[in-house]
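give the three-dimensional model of this entry:
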Amino acid sequence: MKTNIIKIGSMMLAIGIWAGGTDVRAQGTTTTTTSTVTTADGAFTEFVPASETIVVKTETNPAPLRYVVTKQTTIVDEAGVPVAIEKITRGNPLSVQYTGTGDRLVASRVVVHKAPVVTERNATTTTTTRPLTHDEKEAVKDAVEKRKEQVEKASDKEKERLEKLKDKIEDDDD
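Numbers count the residues shown, from 1 in each chain. This is a model prediction of the structure:
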């Protein structure tokens with residue numbers, strides 16, 4: 001009797017390992033199923049706080065998938081460091097480990113991958129200048145002269161202010 005129980009137990013364990021390690025292919029996307037946990041890759045679209053749902057768009061699925069995020073859901077980066085869901089930006093690639101089928105997909109672990117680095121390109125512009133006309137030269141000269149006069153007036157006022165300050169200090173010393 002004891003031998004039969006051991007044989008039955010070993011057979012069930014072997015079937016469980018065989019069934020749990022199979023790969024499932026759906027619409028061109030590879031998803032690995034281990035027991036009841038499935039992993040799917042995609043790009044983060046949005047987080048809906050009211051329903052505690054993350055929306056993920058995959059290349060092969062025309063409709064984005066919605067995963068429920070619970071208190072038990074672990075959200076980490078590739079190094080295993082926790083990531084706040086609010087810090088994930090639209091388009092960030094991620095992998096979602098989830099359970100459930102149909103409309104109720106519950107995320108157990110979300111791994112946020114590094115987004116590709118986008119570099120800005122600076123456009124260069126070439127400006128060609130033409131010689132100033134006589135009127136434009138005169139206008140520039142007038143503007144320069146006015147500015148010089150303003151600076152001189154300001155300098156004269158500053159000199160007067162400093163002279164008064166100096167006199168006041170001398171008066172205070174006496």
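
so what's V48 closest to, chain neighbours aside?
The spatial neighbour of V48 that comes closest, neighbours along the chain excluded (CB to CB, 6 or more residues apart in numbering), is V55 at 6.8 Å. Where you see a C-beta, it was placed from the backbone N, CA and C, and this is true even at glycine.

look up how far K153 lies from the one you found.
66 Å (CB to CB, to the nearest Å).

who are the packing partners of the helix or strand hosting D167?
Assigned by DSSP states H and E, D167 falls within helix 134-173. The helices and strands touching helix 134-173, judged by 3 or more CB pairs under 8 Å, 6 or more residues apart in numbering; DSSP states H and E, number zero.

what residue is smack in the middle of this structure?
T89 (4.0 Å; CA atoms, centre = their mean).

thought that residue was touching F44?
Yes: at 7.2 Å, T89 and F44 qualify as touching, with contact defined as CB atoms under 8 Å.

still on that earlier bit, neighbour count: V55 and K153, which is higher?
V55 (16 against 10; other CB atoms under 10 Å).

whichever helix or strand that one is part of pairs with which strands?
With elements taken from DSSP H and E, the one containing V55 is strand 53-57. Partners of strand 53-57 in the sheet, by DSSP bridges, are strand 37-48 (antiparallel), strand 65-77 (antiparallel).

hey, least reliable of these by pLDDT?
The minimum mean pLDDT among those belongs to strand 37-48 (a mean of 89).

state the pLDDT value of T53.
91.

if I look at it, how far off is E170?
Counting by CB to CB - T53 and E170 are separated by 79 Å.

who's more crowded, these two?
Applying other CB under 10 Å to T53 and E170 shows that T53 carries more neighbours, namely 16 against 9.

could you find the closest non-adjacent residue to the more buried one?
Nearest to T53 is R66, by CB to CB, 6+ apart, at 4.9 Å.

so where's the protein shaky on pLDDT?
In the predicted model of the chain, residues 1-35, 115-122, 174 satisfy pLDDT under 70.

quick one: secondary structure of T60?
Assigned with DSSP: H, G, I helix; E, B strand; the rest coil, T60 falls in the coil class.

re earlier: could you verify that the residue nearest to the centre of the chain is part of a strand?
No: counting by three-state DSSP, T89 is not part of a strand but coil.
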